[in-house]
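**Student:** missing the sequence, but the structure's below:
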């Protein structure tokens with residue numbers, strides 16, 4: 001059985017205060033649609049973990065969704 005859900009449903013299941021890991025590297029293969037859905041869902045106080053943060057982290061910061069960031073590098 002395969003279960004599918006849209007990004008808005010998945011983002012809505014992420015509670016404020018959660019820890020999320022964002023994959024990809026700098027500007028490659030970043031989950032930007034999911035990040036936009038998190039911001040649109042109004043999720044706040046996220047602890048963001050990523051190897052290299054870029055536009056994904058910037059979007060979350062602009063949406064006031066970040067409590068902390070753990071990353072080796074954040075920049076564009």
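**Tutor:** Ah, there it is. Keep in mind it's a predicted model, so treat the numbers as computed, not measured. Residues are numbered from 1 along each chain as shown.
**Student:** what residue ranges in this structure are flagged as low confidence?
**Tutor:** Counting by pLDDT under 70, the chain shows low-confidence ranges at 1.
**Student:** the strands in it, which residues?
**Tutor:** Along the chain, the stretches classed as strands by DSSP state E are 19-21, 46-49, 52-53, 66-70, 73-74.
**Student:** Out of those, which one sits most buried?
**Tutor:** strand 52-53 (a mean of 22; mean count of other C-beta atoms under 10 Å). For the C-beta atoms, the positions are set from N, CA and C on the backbone; glycine is no exception.
**Student:** picking that back up, any chance of a markdown table for the strands of the chain, columns distance to residue 40?
**Tutor:** Listed next are these as a markdown table, based on distance: least, C-beta to C-beta, whole Å:
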| stretch | distance to residue 40 |
| --- | --- |
| strand 19-21 | 15 |
| strand 46-49 | 14 |
| strand 52-53 | 20 |
| strand 66-70 | 15 |
| strand 73-74 | 22 |
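**Student:** I'd like to know which of the ones you listed is closest to residue 31.
**Tutor:** Nearest of the strands of the chain to residue 31, taken as C-beta to C-beta: strand 19-21 at 9.5 Å.
**Student:** Distance from the closest one to the middle of the chain?
**Tutor:** 7 Å (C-alpha atoms, centre = their mean, to the nearest Å).
**Student:** Sheet partners, orientation included, of it?
**Tutor:** strand 46-49 (parallel) (DSSP bridges).
**Student:** which residues of the chain fall in helices?
**Tutor:** 7-12, 32-40, 55-62 (DSSP state H).
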